[in-house]
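S.K.: whatever this is, show me its structure:
(4 chains, ligands or ions: 4)
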There are 2 protein chains.
Amino acid sequence: MLSIGKLSRATGVKVPTIRYYEQIGLLPEAERSSGNQRLYGRRTQERLAFIRHARELGFALEDIRELLALADDPERSCAAADRIAGRQLAAVNARLRRLEALRDELERMLAHCSSGRIADCRVIEVLGNHALCGHEHATGDDLSA
Amino acid sequence: MLSIGKLSRATGVKVPTIRYYEQIGLLPEAERSSGNQRLYGRRTQERLAFIRHARELGFALEDIRELLALADDPERSCAAADRIAGRQLAAVNARLRRLEALRDELERMLAHCSSGRIADCRVIEVLGNHALCGHEHATGDDLSA
DNA sequence: ATAGGATCTCTAGTCGCTATAGCTTCAAGG
DNA sequence: CCTTGAAGCTATAGCGACTAGAGATCCTAT
Ligand SMILES: [Zn+2]
Ligand SMILES: [Zn+2]
Ligand SMILES: [Zn+2]
Ligand SMILES: [Zn+2]
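M.R.: Ligands and ions are numbered 1, 2, ... in the order given. Next up, the predicted model:
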């Protein structure tokens, strides 16, 4: 059985984050030592590694909650899991396209600025006037870069 | 002079967001009508369009605050503005590289799954075992996808 | 005059943590 | 055995950039 600190070092997940995952029900309530400190076994360690890996791949905690529930039920069809991963892939691709457009626009701005006075700064100018941009940006209202 | 609703329609920024920008000091306190409703002139409309455009290009509100201060001072050197934009470009490039790696990993997972039982699901398997991944993910602790 | 939409203020919620404060417990050294 | 310092505990608040709701007020049109 591992203390929370050792579990943290073993998985690369910070101690408060582990407690947070327990609080929101992503990890089960930990067993406790006689002095009320959390103790973890192999099962929870694997579960936490799964969560960490899914986070590294960009999955939202709610998706991870579903994926964990699926992983606990080995006889079911994996269609739901594949659908979640497919949705994640689509989201990543959408963000990629948006970021590529941002990169191009930022590069253009910087390339056209001769770094003189603010009054002649292409960066400030473009920010104030989208007509100087090469293309449209996000049409919706999700401006999360 | 525009009401907040008309300013919202004119700029594509939602009404509560405009009030929020005022609250955090990104927009000056609006003039008020006799009935205490906000009124906006051309200057504020331009300022809001600038903010909106910078947000579309992924700048953080604190960066935008600096950029607005710079824009108000046309004789200064634009080095600071260019530095902010350069930093933003670097951040975008870093996110791009990370997202490309995520995309590759997600595609690999999905390509290897034959959509049968959970017990055989490649998606679940890879999430539980990073050794099956083609490369490392974010080494630090910024897992924001 | 009245209906309805628009606006007002204020508070709380989102996501995924992170940080702080003030306490208790544990492990190692003297 | 006793002390010290690290590690653990709970509870609360904060981050960024908004969004949503309640309940009151105002403005416009019929
Ligand atoms: Zn410049
Ligand atoms: Zn633009
Ligand atoms: Zn599958
Ligand atoms: Zn991996």
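
S.K.: now do the SS call for the residue sitting nearest the centre point of chain A.
M.R.: Per CA atoms, centre = their mean, the C-alpha nearest to the average position across chain A is that of A:G58, at 3.8 Å. For A:G58, the secondary structure call by DSSP: H, G, I helix; E, B strand; the rest coil comes out as coil.

S.K.: that one touches B:E105, doesn't it?
M.R.: No - A:G58 is beyond contact range of B:E105, at 9.4 Å (criterion: CB atoms under 8 Å). Every C-beta, even on glycine, is put in place using the N, C-alpha and C of the backbone.

S.K.: residues touching the residue nearest to the centre of chain A, list them.
M.R.: A:88, A:91-92, B:99, B:102, B:143, B:145 (CB atoms under 8 Å, 6 or more residues apart in numbering or on different chains).

S.K.: and if we set it to 10 Å?
M.R.: Applying CB atoms under 10 Å, 6 or more residues apart in numbering or on different chains to A:G58 gives the contacts A:88-89, A:91-92, A:95, B:98-99, B:102-103, B:105-106, B:137-138, B:143-145.

S.K.: try A:E125
M.R.: A:109, A:112-113, A:118-119, A:132, B:71, B:78.

S.K.: equivalent analysis for A:P28, please.
M.R.: A:21-22, A:40, A:43-44, A:47.

S.K.: among these, name the ones in strands.
M.R.: Among these, none falls in strands (DSSP state E).

S.K.: closest one of these to B:T11?
M.R.: A:Y21 (40.2 Å; CB to CB).

S.K.: how about A:G5: what's its closest non-neighbour residue?
M.R.: A:V15 (6.2 Å; CB to CB, 6 or more residues apart in numbering or on different chains).

S.K.: check A:S114 too.
M.R.: In space, A:S114 is closest to A:D120, 7.1 Å off (CB to CB, 6+ apart).

S.K.: count of neighbours near the closest residue to ligand 2 within chain A?
M.R.: Closest to ligand 2 within chain A is A:C133: 3.0 Å, counting by CB to the ion. Using other CB atoms under 10 Å in any protein chain shown, A:C133 has 18 neighbouring residues.

S.K.: measure the residue nearest to it when sequence neighbours are not counted to B:A10 for me?
M.R.: Taking CB to CB, 6+ apart, and ignoring the residues beside it in sequence, A:C133 has A:E105 as its nearest neighbour in space, at 5.8 Å. Here A:E105 is placed at a distance of 23 Å from B:A10 (CB to CB, to the nearest Å).

S.K.: for A:V15, give me its contacts.
M.R.: Contacts of A:V15 (CB under 10 Å, 6+ apart): A:3-5, A:7-9, A:38.

S.K.: tell me the one among these nearest to ligand 3.
M.R.: Nearest member of these to ligand 3, counting by CB to the ion, is A:L7, at 28.3 Å.

S.K.: phi, psi of that closest one?
M.R.: phi -60, psi -40 (degrees, to the nearest 10).

S.K.: OK, contacts around it?
M.R.: Contacts of A:L7 by CB under 10 Å, 6+ apart are A:1, A:13, A:15, A:18, A:27, A:30, A:38-41, A:44-45, A:48-49.

S.K.: one more time with 7 Å
M.R.: With contact set as CB atoms under 7 Å, 6 or more residues apart in numbering or on different chains, A:L7 has these partners: A:18, A:40, A:45, A:48.

S.K.: the residue of chain A closest to ligand 2 contacts A:V126, doesn't it?
M.R.: Yes - assessed by CB atoms under 7 Å, A:C133 is found in contact with A:V126 at 6.5 Å.

S.K.: one step back: buried ones among the contacts of A:P28?
M.R.: A:21-22, A:40, A:44, A:47 (16 or more other CB atoms under 10 Å in any protein chain shown).

S.K.: any idea of the pLDDT on A:Q23?
M.R.: A:Q23 carries a pLDDT value of 96.

S.K.: so, low pLDDT: which residues of chain A?
M.R.: A:139-141, A:145 (pLDDT under 70).

S.K.: which parts of it sit against ligand 3?
M.R.: A:78, A:82 (CB under 5 Å from the ion).

S.K.: one more time with 8 Å
M.R.: A:78-79, A:81-82, A:85 (CB under 8 Å from the ion).

S.K.: now do the helices in chain A.
M.R.: With DSSP state H applied, chain A shows helices at A:4-11, A:15-23, A:42-56, A:61-71, A:79-112, A:122-128, listed in chain order.
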